[in-house]
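Engineer: Dropping a prediction and its sequence here:
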Amino acid sequence: MTAEMTLPPTNTRTIDWAALREDFPILHQRVHGRPLLYLDNAATTQKPRAVLDALCGYYERDNANVHRGVHELSNRATAAYEGARERAARFLNARRSEEIIFTRGTTEGINLVANTWGAKHLQSGDVILLTEMEHHSNIVPWQLLAGRTGARLAFLPITGDEGLLDLSRLDEWLTTDVKLLAFTHISNTLGTINPAAQLCSQARQRGIVTLVDAAQSAGHRPLDVQAIGCDFLALSGHKMCGPTGSGVLYGRIERLADMPPWHGGGDMIESVDYHHSTWKQPPHKFEAGTPNIAGAIALAAAMDYLDAVGRDKIAQHDEELGAYAFERLTALKGLRLLGPRLGRAGVVSFMLGDIHAHDVVTFADQAGIALRGGHHCNQPLMKKLGLESTSRASFYLYNTTDEIDRLTETLREIQKYFTTASAPSA
Ligand code: 7TS
């Protein structure tokens with residue numbers, strides 16, 4: 001276990017997690033006649049009233065395009081959009097707001113790095129080092145880049161079902177050919193929390209550029225890009241109480257300054273003539289066209305919300321739910337749960353005997369419980385583990401141990417149903 005897996009002591013303020021549910025209008029409904037139990041937070045999280053208000057309020061009061069009008073509404077929209085950038089910089093402890101690029105989410109952030117930094121700096125023979133637990137979003141963009149540049153991919157191995165990165169031979173993996181190390185901070189399937197600062201520090205000592213996929217961590221724990229020491233970090237707003245289509249790519253300013261643009265169009269240029277154009281400085285150079293203004297503003301409101309609750313508290317709650325689910329679920333006969341026992345995030349993927357994951361999630365849905373079944377955009381990991389699919393429950397700040405009890409009971413009923421259904425008739 002690494003130091004990062006053990007959370008630092010938090011302040012003593014206690015939070016009534018069940019009461020927080022009042023902030024989330026969507027949670028108060030019945031599904032198939034049962035109270036909704038939303039456990040698909042790794043796919044997307046629900047939004048608190050404060051974020052919905054920020055979204056509507058922007059459209060009701062301030063909607064105009066940014067960076068181009070001199071009229072009042074445009075000035076307001078620009079101030080709110082650039083204010084959101086400053087908020088995101090504080091959220092991540094970036095040194096300056098110019099290090100914050102607004103994106104549609106993690107996938108777009110990673111593609112941006114591949115198509116700008118990667119296209120400029122990688123060539124035949126170079127190695128892009130990933131891990132065996134990456135989401136497709138942190139594999140496919142690099143495959144596309146490798147196809148264009150002749151670079152190749154390598155994968156840091158994991159340790160079987162326990163799903164930890166095998167770091168015992170990390171130094172041997174960080175060869176002189178490796179130009180980039182890109183890894184997920186938290187696995188969306190295994191619940192593993194990777195030691196981001198340690199990985200970045202070892203890579204940095206060898207001059208290797210680093211990218212952290214923070215899709216599953218950004219809304220779940222404190223994140224400090226300076227302490228992590230990464231060159232790039234990508235996150236998705238919708239996985240941290242923000243709206244879909246919003247996200248951030250953090251890039252160390254020296255890197256951004258050295259990168260060509262990706263998308264071309266309005267707002268990213270300094271001047272254009274028919275045959276040649278020049279670019280603005282980062283971050284605007286990487287934000288062509290009208291951005292998701294409302295999304296960025298509402299994402300900033302989500303950051304305010306998470307910080308008002310306390311990200312250290314959320315992280316502690318997350319790990320407590322992960323540990324509780326691990327204990328309760330593994331007590332079910334025949335259930336195989338992936339990922340580490342200790343220091344895990346609030347994501348549990350499991351096989352319920354030989355009952356197909358799609359049967360489990362369909363049955364759970366009938367009981368009002370939203371789970372996810374499938375490969376979770378982790379096909380290579382699934383193949384490595386000899387699986388086609390798993391069922392997954394993923395928790396967030398509004399989930400409680402009582403809900404995990406309800407999930408456990410429902411899984412028990414599913415087991416009973418399928419055992420009876422498959423028993424030979426007398
Ligand atoms: N990286 C990780 C680790 C993820 O879990 C996801 C989405 C992404 C990247 C992509 O994020 P996006 O917002 O750009 O789509 N993960 C999941 C999931 O586990 N179920 O649905 C989406």
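Structural biologist: Yep, it's here.

Engineer: Quick check, the residue in the stretch 301-426 of the chain closest to the ligand?
Structural biologist: H376 (4.8 Å; CB to the nearest ligand atom). Glycine gets a C-beta too; all of them are placed from N, C-alpha and C.

Engineer: got the contact list for that residue?
Structural biologist: 42, 135, 188-189, 349, 390, 392 (CB atoms under 8 Å, 6 or more residues apart in numbering).

Engineer: Check the nearest residue to C377 once chain neighbours are set aside and give its pLDDT.
Structural biologist: Spatial nearest neighbour of C377, chain neighbours left out: H136 (4.3 Å); criterion: CB to CB, 6 or more residues apart in numbering. Model confidence at H136, given as pLDDT, is 98.

Engineer: what about H136, how many residues close to it?
Structural biologist: Counted with other CB atoms under 10 Å, residues neighbouring H136 total 15.

Engineer: can you check E72 too?
Structural biologist: 10.

Engineer: my guess is A323 contacts R344, does it?
Structural biologist: Yes - between A323 and R344 there is a contact under CB atoms under 8 Å: 6.9 Å.

Engineer: out of those two, which sits in the busier spot?
Structural biologist: Using other CB under 10 Å, the more surrounded residue of A323 and R344 is R344, with 28 against 15.

Engineer: Identify the residues contacting that one.
Structural biologist: 190-193, 319, 322-323, 326.

Engineer: Could you list the contact residues of the stretch 301-426 of the chain toward the ligand?
Structural biologist: Applying CB under 6 Å from any ligand atom, one finds that the stretch 301-426 of the chain approaches the ligand through 376-377.

Engineer: The same query, at a cut-off of 8 Å, please.
Structural biologist: Proximity of the stretch 301-426 of the chain to the ligand, by CB under 8 Å from any ligand atom, involves residues 372, 376-378, 392, 394.

Engineer: Between those residues, which sits nearest S74?
Structural biologist: C377 (38.5 Å; CB to CB).

Engineer: What is the burial count for that closest one?
Structural biologist: Quick note: C377 (other CB under 10 Å) scores 18 neighbours.

Engineer: domain ranges for the protein?
Structural biologist: By the assignment in automatic domain parsing, the chain contains the domains 19-48+310-422, 53-307.

Engineer: Of those, give the one that comes closest to R13.
Structural biologist: Nearest of the domains of the chain (CB to CB): domain 19-48+310-422, 7.2 Å.

Engineer: and that closest one, what's its mean pLDDT?
Structural biologist: For domain 19-48+310-422, mean pLDDT rounds to 96.

Engineer: Perfect, that will be all.
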